[in-house]
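> Here is my input, please return the structure:
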Amino acid sequence: IFALITLLLYMKLIHHPFRLNPSVIFGGICSASMSITFVCATKMTSAANAIILQFTHPVFLILILWLFYHKRPDKRAILTCIIALIGIVCFFFDKITSGGMLGNLLAIISGLSYAIMFQMKKMKGGDFESSLVISYILAFIIGLPTAVHETVHSPSIWLVIVLLGAVQTGLATICLSRGLDAVSPVTAALTSGIEPILNPVLAAIICGETIGPMSIAGGVLVIGSVLAYSLSQIKRPVSAG
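Got it, this is the predicted structure:
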(Lines give C-alpha, C1' and ligand atoms only; values in the text may rest on other atoms or scores of the structure.)
Protein backbone atom coordinates (compact mmCIF):
# COMPACT_ATOMS: atom_id res chain seq x y z
CA ILE A 1 0.00 0.00 0.00
CA PHE A 2 2.91 2.37 0.66
CA ALA A 3 4.41 1.46 -2.72
CA LEU A 4 1.04 2.29 -4.30
CA ILE A 5 0.93 5.69 -2.58
CA THR A 6 4.48 6.46 -3.79
CA LEU A 7 3.65 5.42 -7.35
CA LEU A 8 0.40 7.43 -7.49
CA LEU A 9 2.22 10.54 -6.26
CA TYR A 10 4.83 10.03 -8.98
CA MET A 11 2.17 9.55 -11.67
CA LYS A 12 0.42 12.72 -10.53
CA LEU A 13 3.72 14.63 -10.55
CA ILE A 14 4.50 13.69 -14.17
CA HIS A 15 0.82 13.84 -15.24
CA HIS A 16 0.79 10.17 -16.23
CA PRO A 17 -2.82 8.93 -16.64
CA PHE A 18 -3.94 5.52 -15.43
CA ARG A 19 -4.76 3.26 -18.37
CA LEU A 20 -6.71 0.02 -18.37
CA ASN A 21 -6.62 -2.62 -21.09
CA PRO A 22 -5.80 -6.35 -21.40
CA SER A 23 -2.05 -5.72 -21.73
CA VAL A 24 -2.00 -3.53 -18.62
CA ILE A 25 -3.98 -6.10 -16.62
CA PHE A 26 -1.68 -8.91 -17.79
CA GLY A 27 1.38 -6.88 -16.79
CA GLY A 28 -0.16 -6.16 -13.38
CA ILE A 29 -0.83 -9.86 -12.75
CA CYS A 30 2.74 -10.77 -13.75
CA SER A 31 4.21 -8.06 -11.52
CA ALA A 32 2.11 -9.16 -8.54
CA SER A 33 3.04 -12.79 -9.25
CA MET A 34 6.73 -11.87 -9.23
CA SER A 35 6.64 -10.34 -5.75
CA ILE A 36 4.17 -12.73 -4.11
CA THR A 37 5.85 -15.93 -5.34
CA PHE A 38 9.26 -14.61 -4.28
CA VAL A 39 8.05 -13.81 -0.77
CA CYS A 40 6.47 -17.26 -0.50
CA ALA A 41 9.62 -18.88 -1.91
CA THR A 42 11.79 -17.33 0.81
CA LYS A 43 9.50 -18.93 3.42
CA MET A 44 9.59 -22.38 1.79
CA THR A 45 13.24 -22.62 0.76
CA SER A 46 16.47 -20.85 1.65
CA ALA A 47 16.82 -17.19 0.74
CA ALA A 48 19.88 -18.11 -1.35
CA ASN A 49 17.86 -20.64 -3.38
CA ALA A 50 15.10 -18.09 -3.95
CA ILE A 51 17.55 -15.38 -5.05
CA ILE A 52 19.50 -17.64 -7.42
CA LEU A 53 16.40 -19.15 -9.02
CA GLN A 54 14.69 -15.77 -9.42
CA PHE A 55 17.77 -14.57 -11.28
CA THR A 56 16.81 -16.95 -14.10
CA HIS A 57 14.71 -13.98 -15.33
CA PRO A 58 17.29 -12.78 -17.93
CA VAL A 59 17.24 -16.30 -19.43
CA PHE A 60 13.44 -16.28 -19.57
CA LEU A 61 13.49 -12.79 -21.10
CA ILE A 62 15.87 -13.87 -23.86
CA LEU A 63 13.62 -16.87 -24.59
CA ILE A 64 10.50 -14.67 -24.64
CA LEU A 65 12.13 -12.26 -27.08
CA TRP A 66 13.24 -15.18 -29.25
CA LEU A 67 9.96 -17.16 -29.27
CA PHE A 68 7.38 -14.35 -29.31
CA TYR A 69 9.23 -11.40 -30.86
CA HIS A 70 11.55 -13.38 -33.19
CA LYS A 71 14.65 -11.61 -31.88
CA ARG A 72 17.66 -13.91 -32.06
CA PRO A 73 19.55 -14.18 -28.78
CA ASP A 74 22.58 -11.94 -28.47
CA LYS A 75 25.63 -14.14 -27.84
CA ARG A 76 27.10 -11.55 -25.50
CA ALA A 77 23.84 -11.44 -23.51
CA ILE A 78 23.79 -15.23 -23.20
CA LEU A 79 27.44 -15.30 -22.09
CA THR A 80 26.75 -12.53 -19.56
CA CYS A 81 23.76 -14.50 -18.22
CA ILE A 82 25.92 -17.58 -17.71
CA ILE A 83 28.79 -15.72 -16.04
CA ALA A 84 26.47 -13.67 -13.81
CA LEU A 85 24.52 -16.76 -12.74
CA ILE A 86 27.79 -18.55 -11.91
CA GLY A 87 28.83 -15.49 -9.90
CA ILE A 88 25.58 -15.43 -7.91
CA VAL A 89 25.89 -19.19 -7.21
CA CYS A 90 29.45 -18.62 -5.96
CA PHE A 91 28.30 -15.70 -3.84
CA PHE A 92 25.62 -17.75 -2.07
CA PHE A 93 27.32 -21.15 -2.39
CA ASP A 94 27.54 -21.88 1.33
CA LYS A 95 23.84 -21.05 1.82
CA ILE A 96 22.36 -23.21 -0.97
CA THR A 97 20.12 -26.04 0.27
CA SER A 98 18.63 -29.10 -1.41
CA GLY A 99 15.20 -28.95 0.26
CA GLY A 100 12.14 -26.82 -0.27
CA MET A 101 11.17 -28.01 -3.76
CA LEU A 102 7.90 -26.04 -3.75
CA GLY A 103 9.79 -22.93 -2.70
CA ASN A 104 12.30 -23.51 -5.50
CA LEU A 105 9.46 -23.86 -8.02
CA LEU A 106 7.86 -20.62 -6.80
CA ALA A 107 11.21 -18.84 -7.17
CA ILE A 108 11.41 -20.00 -10.80
CA ILE A 109 7.85 -18.74 -11.41
CA SER A 110 8.93 -15.45 -9.84
CA GLY A 111 11.83 -15.32 -12.31
CA LEU A 112 9.49 -15.91 -15.26
CA SER A 113 7.09 -13.22 -14.02
CA TYR A 114 10.00 -10.84 -13.50
CA ALA A 115 11.15 -11.42 -17.09
CA ILE A 116 7.74 -10.39 -18.40
CA MET A 117 7.92 -7.20 -16.31
CA PHE A 118 11.00 -6.08 -18.24
CA GLN A 119 9.09 -6.45 -21.51
CA MET A 120 5.92 -4.63 -20.39
CA LYS A 121 6.87 -1.34 -22.06
CA LYS A 122 7.28 -3.13 -25.39
CA MET A 123 3.86 -4.82 -25.28
CA LYS A 124 1.15 -3.45 -27.55
CA GLY A 125 -1.04 -1.28 -25.34
CA GLY A 126 1.29 -1.79 -22.39
CA ASP A 127 1.73 0.83 -19.70
CA PHE A 128 4.33 0.07 -17.04
CA GLU A 129 3.05 2.44 -14.35
CA SER A 130 -0.60 1.42 -14.76
CA SER A 131 0.39 -2.25 -14.52
CA LEU A 132 2.25 -1.50 -11.29
CA VAL A 133 -0.86 0.16 -9.83
CA ILE A 134 -2.82 -3.04 -10.49
CA SER A 135 0.08 -5.12 -9.16
CA TYR A 136 0.26 -3.27 -5.84
CA ILE A 137 -3.51 -3.47 -5.36
CA LEU A 138 -3.48 -7.23 -6.06
CA ALA A 139 -0.52 -7.78 -3.73
CA PHE A 140 -2.26 -5.79 -0.98
CA ILE A 141 -5.50 -7.78 -1.31
CA ILE A 142 -3.75 -11.17 -1.50
CA GLY A 143 -1.39 -10.37 1.37
CA LEU A 144 -4.01 -8.79 3.65
CA PRO A 145 -5.24 -12.09 5.23
CA THR A 146 -1.73 -12.80 6.52
CA ALA A 147 -1.49 -9.34 8.09
CA VAL A 148 -4.36 -9.97 10.50
CA HIS A 149 -2.26 -12.66 12.22
CA GLU A 150 0.56 -10.25 13.03
CA THR A 151 0.69 -9.43 16.73
CA VAL A 152 3.68 -7.06 16.96
CA HIS A 153 3.08 -3.50 15.74
CA SER A 154 6.00 -1.54 17.17
CA PRO A 155 7.02 1.80 15.62
CA SER A 156 10.32 0.31 14.41
CA ILE A 157 8.51 -2.46 12.52
CA TRP A 158 6.12 -0.01 10.89
CA LEU A 159 9.04 2.21 9.94
CA VAL A 160 10.64 -0.74 8.13
CA ILE A 161 7.33 -1.55 6.41
CA VAL A 162 6.92 2.04 5.20
CA LEU A 163 10.51 2.14 3.92
CA LEU A 164 10.18 -1.24 2.20
CA GLY A 165 7.00 -0.09 0.51
CA ALA A 166 7.89 3.47 -0.40
CA VAL A 167 11.61 3.10 -1.16
CA GLN A 168 12.57 -0.52 -1.80
CA THR A 169 9.45 -1.23 -3.88
CA GLY A 170 7.78 2.02 -4.98
CA LEU A 171 10.83 4.17 -5.70
CA ALA A 172 12.78 1.20 -7.07
CA THR A 173 10.16 0.33 -9.68
CA ILE A 174 9.88 4.00 -10.66
CA CYS A 175 13.64 3.98 -11.29
CA LEU A 176 13.23 0.74 -13.24
CA SER A 177 10.56 2.36 -15.40
CA ARG A 178 12.79 5.34 -16.16
CA GLY A 179 15.73 3.02 -16.82
CA LEU A 180 13.75 0.96 -19.32
CA ASP A 181 13.20 4.16 -21.32
CA ALA A 182 16.96 4.39 -21.84
CA VAL A 183 18.21 0.80 -22.17
CA SER A 184 16.96 -2.47 -23.64
CA PRO A 185 14.97 -4.93 -21.50
CA VAL A 186 17.86 -7.44 -21.64
CA THR A 187 20.40 -4.84 -20.47
CA ALA A 188 18.08 -3.84 -17.61
CA ALA A 189 17.46 -7.47 -16.64
CA LEU A 190 21.18 -8.29 -16.58
CA THR A 191 22.00 -5.12 -14.64
CA SER A 192 19.49 -6.21 -11.98
CA GLY A 193 21.85 -9.10 -11.26
CA ILE A 194 23.82 -6.69 -9.10
CA GLU A 195 20.83 -6.40 -6.74
CA PRO A 196 21.08 -9.75 -4.87
CA ILE A 197 24.74 -9.30 -3.97
CA LEU A 198 24.25 -5.78 -2.63
CA ASN A 199 22.46 -7.06 0.49
CA PRO A 200 25.41 -8.94 2.01
CA VAL A 201 27.85 -6.30 0.74
CA LEU A 202 25.93 -3.53 2.53
CA ALA A 203 25.65 -5.77 5.60
CA ALA A 204 29.43 -6.13 5.56
CA ILE A 205 29.98 -2.39 5.23
CA ILE A 206 27.35 -1.24 7.75
CA CYS A 207 27.12 -4.16 10.20
CA GLY A 208 30.67 -5.50 9.99
CA GLU A 209 29.72 -8.93 8.64
CA THR A 210 32.47 -10.82 6.85
CA ILE A 211 32.44 -11.95 3.20
CA GLY A 212 34.42 -15.04 2.22
CA PRO A 213 36.82 -15.34 -0.76
CA MET A 214 34.29 -17.29 -2.87
CA SER A 215 31.64 -14.63 -2.27
CA ILE A 216 34.08 -11.90 -3.29
CA ALA A 217 34.93 -13.84 -6.46
CA GLY A 218 31.21 -14.26 -7.19
CA GLY A 219 30.57 -10.57 -6.73
CA VAL A 220 33.43 -9.69 -9.09
CA LEU A 221 31.99 -12.06 -11.73
CA VAL A 222 28.51 -10.55 -11.49
CA ILE A 223 29.54 -6.89 -11.48
CA GLY A 224 32.32 -7.40 -14.03
CA SER A 225 30.16 -9.31 -16.54
CA VAL A 226 27.21 -6.91 -16.23
CA LEU A 227 29.46 -3.85 -16.52
CA ALA A 228 31.24 -5.30 -19.58
CA TYR A 229 27.92 -6.08 -21.28
CA SER A 230 26.46 -2.66 -20.46
CA LEU A 231 29.53 -0.89 -21.87
CA SER A 232 29.33 -3.02 -25.02
CA GLN A 233 25.77 -1.79 -25.58
CA ILE A 234 26.70 1.89 -25.59
CA LYS A 235 26.20 3.24 -29.09
CA ARG A 236 29.27 5.15 -30.18
CA PRO A 237 28.77 8.14 -32.49
CA VAL A 238 29.72 7.54 -36.10
CA SER A 239 32.43 9.94 -37.27
CA ALA A 240 31.58 12.22 -40.17
CA GLY A 241 34.80 11.31 -41.95
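> Low-confidence bits of the protein, can you list those?
For the chain, the stretches with pLDDT under 70 are 98-99, 209, 235-241.
> make it 90
The chain contains residues with pLDDT under 90 at 42-59, 62-63, 65-78, 80-82, 84-104, 122-124, 146-153, 182-184, 186-187, 189-241.
> Identify the residues contacting residue 100.
Residue 100 is in contact with 44-46, 49, counting by C-beta atoms under 8 Å, 6 or more residues apart in numbering. From N, CA and C alone the C-beta is placed, and that goes for glycine too.
> Could you give the number of residues near residue 141?
Look at residue 141: counted by other C-beta atoms under 10 Å, it has 10 neighbours.
> tell me the secondary structure for it?
With DSSP: H, G, I helix; E, B strand; the rest coil as the basis, the three-state label of residue 141 is helix.
> same question, the one 10 residues further on
Look at residue 151: counting by three-state DSSP, its state is coil.
> helices or strands next to the helix or strand hosting residue 78 in the packing?
Assigned by DSSP states H and E, residue 78 belongs to helix 75-91. If you count contacts as 3 or more C-beta pairs under 8 Å, 6 or more residues apart in numbering; DSSP states H and E, helix 75-91 packs onto helix 47-54, helix 57-69, helix 185-191, helix 195-207, helix 213-232.
> mind listing what's buried in it?
77, 80-81, 83-85, 87-91 (16 or more other C-beta atoms under 10 Å).
> got the angle for it vs helix 47-54?
Computed with axes from the mean of the first three to the mean of the last three C-alpha atoms, to 10 degrees, the direction of helix 75-91 lies at 170 degrees from that of helix 47-54.
> Now do helix 75-91 against helix 57-69, angle only.
Interaxial angle of helix 75-91 relative to helix 57-69 (the same axes, to 10 degrees): 150 degrees.
> picking that back up, closest one to residue 6 among the helices and strands packed on helix 75-91?
Among the helices and strands packed on helix 75-91, helix 195-207 comes nearest to residue 6, with 18.6 Å by C-beta to C-beta.
> Can you mark which positions in that closest one are buried?
Buried residues in helix 195-207, counted by 16+ other C-beta under 10 Å: 196-197, 200-201.
> now the helices and strands packed on helix 75-91 in CSV, with distance to residue 19?
Output for the helices and strands packed on helix 75-91, formatted as CSV (distance: least, C-beta to C-beta, whole Å):
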stretch, distance to residue 19
helix 47-54, 28
helix 57-69, 22
helix 185-191, 20
helix 195-207, 28
helix 213-232, 31
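> Off-centre distance for the helix ranked longest in the chain?
Ranked by residue count and defined by DSSP state H, the top helix of the chain is helix 22-44. The chain centroid and the centroid of helix 22-44 are separated by 11 Å under C-alpha atoms, centre = their mean, to the nearest Å.
> Then stretch 208-220?
With C-alpha atoms, centre = their mean as the basis, stretch 208-220 stands 22 Å off its chain's centre.
> List the buried residues of the longest helix of the chain.
By 16+ other C-beta under 10 Å, the buried positions in helix 22-44 come out as 23-24, 26-38, 40-42, 44.
> what's the neighbour count on the closest residue to residue 73 other than its chain neighbours?
Nearest residue to residue 73, sequence neighbours excluded (C-beta to C-beta, 6 or more residues apart in numbering): residue 62, at 5.0 Å. By the criterion of other C-beta under 10 Å, residue 62 has 22 neighbours.
> which ones are touching residue 62?
73-74, 77-78, 81, 186.
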